[in-house]
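A.B. asks: What shape does this take:
(one chain, ligands or ions: 1)
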Amino acid sequence: MTSKIDKHLWVKILFGLVIGIGVGLALSPQAGAVLEPELTETLAAWIELPGLIFLGILKMVVVPLVICSIVVGIADSGALGFVKTIGSRIVVYFIITSSVAILIGMSLTYAIQPGDVISQEFVDQALANQAQEGAPVVLDDLTIPKRIANIIPTNPALAQLEKNMLQIVIISLFIGLALLTLPKASGQPVLSLCQSGQSITMRIIEWAMIIAPYAVFGLMAKAVIDLGFDAVSSVFMYTVTVMAGLAFMIVVYAMIAKWVGGVSIAAFFKGIREAQIIAFSSSSSAATIPVSLKCAQEGLKIPKSVSGFTIPLGATINMDGTALYQAVAAIFLTQVFGVDLSLGEMALLLLTTVGASIGTPGIPGIGIVVLATILAGIGVPAEGIALILGVDRILDMCRTTVNVTGDITASVVMNRFVKT
Ligand code: ASP
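C.D. replies: Predicted structure coming up:
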């Protein structure tokens, strides 16, 4: 019965995606639509409404869901040894997959050399516009050591108010671990609260999924209306390089799921497709956490003790798609500006990008902001970001899909590891 409903929903979501793209193209001034721009804007805002409501519900439940999932996940595991094993293995796994993603990005960019085919006129124009508009947005305290030092939540209430996912994950880890080490009777009230919180939030997500097809339709139509097609043509080879790298990474995940996790490729994609589409249309891996958890637990049958812990952690500290994109963007800009990287600088780029992906929140468009810090480390002018800003929206959608696929793959792998 359930699978019948899920199958139906999946087709509807895909339908929403395709029709959303079609309507977006029909209304997009850049694609030649004839409506008045003001009218298009008003129409686009209404079309996007179901998407905003859907994302609003996901964001509404994501903080309690993450806290409850991690606490219950750790408590369900039943032993400190289990958490230690999975915790240490997953961090190593994240570092390895991020490094693989970055190396794929770097190799492709050196092979394709997208920076060599860009027109000088476009570069001058983009830099001139940038100079007029002022410096690119950079987060205030973005030095990597500071970001790492800031992860301990000195004010847990503020962390929740600000929806600082990394800090929320850390608080939940502490609570879960403390529960595991306490006598059962002292921890039971909090554990029961979290179990019931998890059931309540998952029920709300089931309701939200009913409007997912309309949400995806609205988000896609709005995204296509806003897309700058001119921008894509100016940096076409760069866009192709990022997309090729991201597609390659998805293949890598499917292989990992098959060979390491023992899940067939067909079952893997079938289990995760809803999360992938929601990630693609929302550009936010944090907002997709509820759907990723649902896919992992129901689609791939990963127990809560594994998925409840690995997915929120992955969505917070593991961003392979973003890391790959940042590596391509950085090397692309070195090619545009004629900066030669030594082997040491390349190693530095790899290290800073892995470090940055730990502290980067899973929200739309943040990857390009963090890129500014990475560029500073290898002597590339941050103004170069102006060249790739126009295509960031579409690349953000693609890299978020990879980020979310990576998180679910991690839970498949961890599930296998803890079984053996
Ligand atoms: N939007 C991405 C995510 O949520 C982060 C990024 O901008 O790369 O995963």
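
A.B. asks: what packs against the host helix or strand of residue 125?
C.D. replies: Following DSSP states H and E, one finds residue 125 within helix 120-133. For helix 120-133, the packing partners by 3 or more Cβ pairs under 8 Å, 6 or more residues apart in numbering; DSSP states H and E come out as helix 385-388. C-beta: built from backbone N, CA, C; applies to glycine.

A.B. asks: what residues does the helix it packs on touch?
C.D. replies: 118, 122-123, 126-127, 129-130, 136, 235, 238, 329, 332-333, 336, 368, 371-372, 375 (Cβ atoms under 8 Å, 6 or more residues apart in numbering).

A.B. asks: is the helix or strand hosting residue 87 anywhere near the ligand?
C.D. replies: Per DSSP H and E, residue 87 falls inside helix 80-112. No. Helix 80-112 does not reach the ligand (Cβ under 6 Å from any ligand atom); its nearest approach is 11.9 Å.

A.B. asks: so what secondary structure elements neighbour that helix?
C.D. replies: Of the remaining helices and strands, those touching helix 80-112 by 3+ Cβ pairs under 8 Å, 6+ apart are helix 37-77, helix 165-181, helix 236-259, helix 304-317, helix 320-337, helix 343-359, helix 392-419.

A.B. asks: And it, what's buried?
C.D. replies: Residues 82-83, 86-87, 90, 93-94, 97-102, 104-106, 108-109, 112 are the ones in helix 80-112 that count as buried (16 or more other Cβ atoms under 10 Å).

A.B. asks: Apart from its neighbours in sequence, what residue is nearest the residue in the stretch 251-400 of the chain that the ligand sits nearest to?
C.D. replies: Proximity of the stretch 251-400 of the chain to the ligand (Cβ to the nearest ligand atom) peaks at residue 367, 2.6 Å away. Distances taken as Cβ to Cβ, 6 or more residues apart in numbering place residue 322 nearest to residue 367, at 4.2 Å, with adjacent residues excluded.

A.B. asks: Run through the residues that contact that neighbour.
C.D. replies: 357, 360, 367, 370, 399, 403.

A.B. asks: cutoff 6 Å now
C.D. replies: Shown in contact with residue 322 (Cβ atoms under 6 Å, 6 or more residues apart in numbering): 357, 367, 399.

A.B. asks: how about the residues of the protein near the ligand?
C.D. replies: Close to the ligand, as judged by Cβ under 6 Å from any ligand atom, the chain has residues 283-285, 319, 322, 362-367, 396, 399-400, 403.

A.B. asks: Mind jotting down where the helices sit in the stretch 151-300 of the chain?
C.D. replies: Assigned by DSSP state H, counting those that start in this stretch, the helices in the stretch 151-300 of the chain fall at 156-161, 165-181, 184-210, 212-226, 229-234, 236-259, 265-282, 285-294.

A.B. asks: So what touches the last one?
C.D. replies: Which is helix 285-294. Residues contacting helix 285-294 (Cβ under 6 Å, 6+ apart): 55, 58-59, 62, 65, 165, 205, 274-275, 278-279, 311-312, 315, 362-363, 400, 403-404, 407-408.

A.B. asks: quick one: pLDDT of the residue nearest to residue 248 when sequence neighbours are not counted?
C.D. replies: Distances taken as Cβ to Cβ, 6+ apart place residue 104 nearest to residue 248, at 5.5 Å, with adjacent residues excluded. Per-residue pLDDT puts residue 104 at 97.

A.B. asks: try residue 2
C.D. replies: 43.

A.B. asks: CA-only coordinates of the helix holding residue 125 in PDB, if you can.
C.D. replies: Below are the C-alpha coordinates for helix 120-133, written out as PDB (Å, rounded to 0.1, in the frame of the first residue of the first chain):
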ATOM      1  CA  GLN A 120      38.200  39.100 -22.600                       C
ATOM      2  CA  GLU A 121      35.400  41.500 -23.300                       C
ATOM      3  CA  PHE A 122      33.100  39.600 -20.900                       C
ATOM      4  CA  VAL A 123      35.800  39.500 -18.200                       C
ATOM      5  CA  ASP A 124      36.300  43.300 -18.400                       C
ATOM      6  CA  GLN A 125      32.600  44.000 -18.400                       C
ATOM      7  CA  ALA A 126      31.900  41.800 -15.400                       C
ATOM      8  CA  LEU A 127      34.800  43.300 -13.400                       C
ATOM      9  CA  ALA A 128      33.700  46.800 -14.300                       C
ATOM     10  CA  ASN A 129      30.200  46.100 -13.100                       C
ATOM     11  CA  GLN A 130      31.600  44.600 -10.000                       C
ATOM     12  CA  ALA A 131      33.700  47.700  -9.300                       C
ATOM     13  CA  GLN A 132      30.600  49.800  -9.600                       C
ATOM     14  CA  GLU A 133      28.600  47.700  -7.300                       C
END
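
A.B. asks: before we move on, the earlier item: which of the helices of the stretch 151-300 of the chain sits closest to residue 43?
C.D. replies: Proximity to residue 43 (Cβ to Cβ) singles out helix 212-226 among the helices of the stretch 151-300 of the chain, at 8.5 Å.

A.B. asks: residues making contact with that closest one?
C.D. replies: 12-13, 16-17, 19-21, 23-25, 27-28, 44, 47-48, 50-51, 54, 277, 281.

A.B. asks: Okay, now the unreliable bits of the stretch 51-200 of the chain?
C.D. replies: For the stretch 51-200 of the chain, applying pLDDT under 70 flags the ranges 130-144, 147.

A.B. asks: What residue in it comes nearest to the ligand?
C.D. replies: For the stretch 51-200 of the chain, Cβ to the nearest ligand atom, closest residue to the ligand: residue 165, 10.1 Å.

A.B. asks: one step back: adding mean neighbour count and distance to residue 71, write the helices of the stretch 151-300 of the chain out as a markdown table.
C.D. replies: Formatted as a markdown table, the helices of the stretch 151-300 of the chain follow (neighbours: other Cβ atoms under 10 Å; distance: least, Cβ to Cβ, whole Å):
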| stretch | mean neighbour count | distance to residue 71 |
| --- | --- | --- |
| helix 156-161 | 14 | 14 |
| helix 165-181 | 20 | 4 |
| helix 184-210 | 15 | 4 |
| helix 212-226 | 25 | 27 |
| helix 229-234 | 16 | 44 |
| helix 236-259 | 19 | 27 |
| helix 265-282 | 22 | 22 |
| helix 285-294 | 28 | 14 |
